[in-house]
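# here's my sequence, what's the structure:
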Amino acid sequence: MTKALNFLSSLVLTTLLFSSINAWSSPRLIARKYLCLSHSDCAARFPLTRLNNAASATASSSPSGDNGESVVKSAKEVNWKKAKAEGGPFTFRTKYGALNPYAIYYGVTSIFLGLFWYAALLGLDLLYFLSRGRFDKRRRLVNFFSQMWGETLMRFVWARPKFEGRHILKEFYKKKQAAMFVANHNSWLDIPFIGATIGWRNYKLISKKELGKVPILGKAIKLGGHIMVDRTDRKSQVKTLREGINLLKGGIHLCTYPEGTRSKSGRLLPFKQGAFKMAHKAQAPVIPVSIVASGKAMPHYWMFARRPAAGICKVVIHEPISSVDKTEEELTDEVRKAILSGLPEDQHPLE
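Take a look at the predicted model:
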């Protein structure tokens, strides 16, 4: 708790400092004036190719006897050079990642809205305790307030992506059937993106256990009845499988990122089988979702998003894929092909 308070305090102080320096500028003007707002603009002003080549040269020139610490330090330096190149002249370094004026605005807005989200979660937690679980058994209200936070944040920081294929969901929802939503994972932005994709409906995330430690988000995951997997515990995996099957059969949508982690390169990683096993055993359809360029708006070495996602990020919704009359492997392959079909070449895996 003390660490969290210290972090928030330092963030607020940094924000006030930048506000005093740039008091004449609105956040939108700051974003337009000082940040690279397009990939081509960044490439023209700061050629990242040289940085990538430098990273490769560093890796290839390192003696085989170097320890892991020096390799990590070298990678951090390359990431910092990338951050300076793509973030504009006011980019600076912190212990938690790079920041620029837009990232500070994004972070402060996210935290400010998060306080209201957290207050709502505490109120719901009290209601659930007093009612002994009889009130809002499916925890719809937790999803409602979480969705409100995500939707409001995206509008305030110009982070709402373009959507393709929303008509597919409109038709699917008419069937009153639960589905497994499966998406690629490049950035923290993918969480509000997938929430906006599913819409104002009751759904549960399948996430790794470590997310339960994230402030506010962890509280929402635990209180909302979302599924958390301990990947080091076989019993936890079996329990998760049963929970997921029961939720799907009970009419509640599930959502997961089958890569199991964020892709730092942006390229699609191999899939883990858990989500497909759930959908297959529950005979629930799988809806593939392709998330484009979220890693460019918020790379893994930034504390918050470096630029508005609107204009470069896109979410492509594909036709539902039936899990009936297929093996788990066939289902996985079909979903993977669908997701790849919606991604640009620079997000395809290297062969």
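# right, and residue 107 touches residue 306 too?
No. Look at residue 107 against residue 306 with CB atoms under 8 Å: they stay out of range, at 11.1 Å. Glycine gets a C-beta too; all of them are placed from N, C-alpha and C.
# more crowded one of the two?
residue 306 (26 against 21; other CB atoms under 10 Å).
# distance-wise, check the more buried one relative to residue 170.
Computed as CB to CB, to the nearest Å, the residue 306 to residue 170 distance reads 33 Å.
# in contact with the closest residue to residue 346 other than its chain neighbours, which residues?
In this structure, residue 346 finds its nearest non-sequential neighbour in residue 266, 6.6 Å apart by CB to CB, 6 or more residues apart in numbering. Residues in contact with residue 266 (CB atoms under 8 Å, 6 or more residues apart in numbering) are 186, 295-296, 346-347.
# which pair of those residues spans the longest distance?
186 and 346 (11.1 Å; CB to CB).
# more crowded one of the two?
It is residue 186, of residue 186 and residue 346, that has more neighbours when counted by other CB under 10 Å, with 30 against 13.
# tell me where the stretch 1-150 of the chain has strands.
92-94, 97-99 (DSSP state E, counting those that start in this stretch).
# and those as a markdown table, adding distance to residue 129 and mean pLDDT?
Formatted as a markdown table, the strands of the stretch 1-150 of the chain follow (distance: least, CB to CB, whole Å; pLDDT from 0 to 100):
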| stretch | distance to residue 129 | mean pLDDT |
| --- | --- | --- |
| strand 92-94 | 38 | 95 |
| strand 97-99 | 36 | 96 |
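# tell me the most buried of these?
strand 97-99 (a mean of 22; mean count of other CB atoms under 10 Å).
# hmm, back to that, of the contacts of residue 266, closest to residue 73?
Nearest to residue 73, judged by CB to CB, of the contacts of residue 266 is residue 295 at 22.7 Å.
# which residues touch the closest one?
Neighbouring residues of residue 295 by CB under 8 Å, 6+ apart: 186-187, 262-264, 266.
# distance between the strand or helix carrying it and the chain's centre?
Assigned by DSSP states H and E, residue 295 belongs to helix 294-297. In terms of CA atoms, centre = their mean, to the nearest Å, the centre of helix 294-297 is set 10 Å apart from its chain centre.
# put the alpha carbons of that helix into CSV.
Output of helix 294-297 as CSV, limited to C-alpha atoms (Å, rounded to 0.1, in the frame of the first residue of the first chain):
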residue,chain,number,x,y,z
SER,A,294,-2.3,-1.5,-29.7
GLY,A,295,1.4,-2.2,-29.1
LYS,A,296,2.3,0.9,-31.2
ALA,A,297,0.0,3.1,-29.1
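# give the buried residues for stretch 197-210.
By neighbour count with 16 or more other CB atoms under 10 Å, stretch 197-210 contains the buried residues 197-198, 202-207, 209.
# and for stretch 333-344?
Buried positions in stretch 333-344, judged by neighbour count with 16+ other CB under 10 Å: 334-336, 338-339, 342-343.
# show the model's pLDDT score for the residue nearest to residue 125 when sequence neighbours are not counted.
Of all residues not flanking residue 125 in the chain, residue 223 sits nearest, at 5.8 Å (CB to CB, 6+ apart). Per-residue confidence (pLDDT) for residue 223: 95.
# before we move on, what about residue 78?
Per-residue pLDDT puts residue 78 at 89.
# partner strands of the helix or strand harbouring residue 207 and their direction?
Residue 207 belongs to strand 203-208 when elements are defined using DSSP H and E. Applying DSSP bridges to the sheet, strand 203-208 is found paired with strand 227-229 (parallel), strand 253-256 (parallel).
# among the buried residues of stretch 333-344, which one sits closest to residue 100?
residue 343 (26.8 Å).
# my read is that residue 301 contacts residue 83, right?
Yes. Using CB under 8 Å, residue 301 makes contact with residue 83 at a distance of 5.9 Å.
# compare those two (neighbour count), which wins?
Taking other CB under 10 Å, residue 301 and residue 83 do not tie; residue 83 has more neighbours (23 against 17).
# so the more buried one makes contact with residue 303?
No. Look at residue 83 against residue 303 with CB under 8 Å: they stay out of range, at 10.0 Å.
# so which of the buried residues of stretch 333-344 sit within helices?
334-336, 338-339 (DSSP state H).
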